[in-house]
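# Starting from these lines, generate the structure:
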Amino acid sequence: MPEGPPYYQLIEGNLIMSPSANFYHQKIAGRLYHFIETYLEDHPVGEVVIAPSDVFLDDINVFQPDLYYVRNENRHVLVDEGVKGAPDLVVEIMSPSTSSRDRNEKRRIYARAGVEEMWIIDPDARHLEVHPLAKGLNASPTVIREPEPFSPALFPGLTIETTRLFKRSI
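Numbering: from 1, shown residues only. Below is the predicted model of the structure:
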């Protein structure tokens, strides 16, 4: 993979440039990372990583999700270069240029690789979708809309306030 910026992803063998995220996208990613990292300080059950960090799913798919999480029992996939194998959770924050690819092609590849859960965050609609990939691609996602709080099953006892997650700074 070429070193960035600009950053690239390898999707089904095709090198795709990933445009830089906008300010609001980055604020959401940072807040979500903070919520989970703070939880993990008190409950050391795994590792959370924020982009850019490579996830090597196989020889033809290397993604950079906005955030990913690996449980302690799956730590063997963590390497200096990122992850070699499937994280337990991937988070993709939508932007106009990546939305279709994230929702379709990448979601399908994540499921095929063994990712248990994918969160798709839509900043414009101000909602979060939890896709239980371990149950198959046809499993219905759970949609959490602002101002509803989100209590992810992967992190028992954590409540993410969507009003804080989606707060606009500028």
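# For the residue nearest the centre of the chain, give me phi and psi.
By C-alpha atoms, centre = their mean, the chain has its centre lying nearest to residue 91, at 1.4 Å. Phi and psi for residue 91, reported as degrees, to the nearest 10, are phi -120, psi 130.
# and the closest residue to it other than its chain neighbours, how many neighbours?
Leaving aside its sequence neighbours, residue 91 sits nearest to residue 67 (C-beta to C-beta, 6 or more residues apart in numbering; 4.1 Å). All C-beta spots, glycine's among them, are computed from the backbone N, C-alpha and C. Residue 67 has 23 neighbours, counted by other C-beta atoms under 10 Å.
# Residue 47 and residue 77 touch, don't they?
No - shown here, residue 47 and residue 77 do not form a contact pair, counting by C-beta atoms under 8 Å, at 10.1 Å.
# what is in contact with the two at once?
Contact criterion C-beta atoms under 8 Å, 6 or more residues apart in numbering; residues shared by residue 47 and residue 77: residue 70.
# From residue 15, how far off is residue 70?
Distance, residue 70 to residue 15, using C-beta to C-beta, to the nearest Å: 25 Å.
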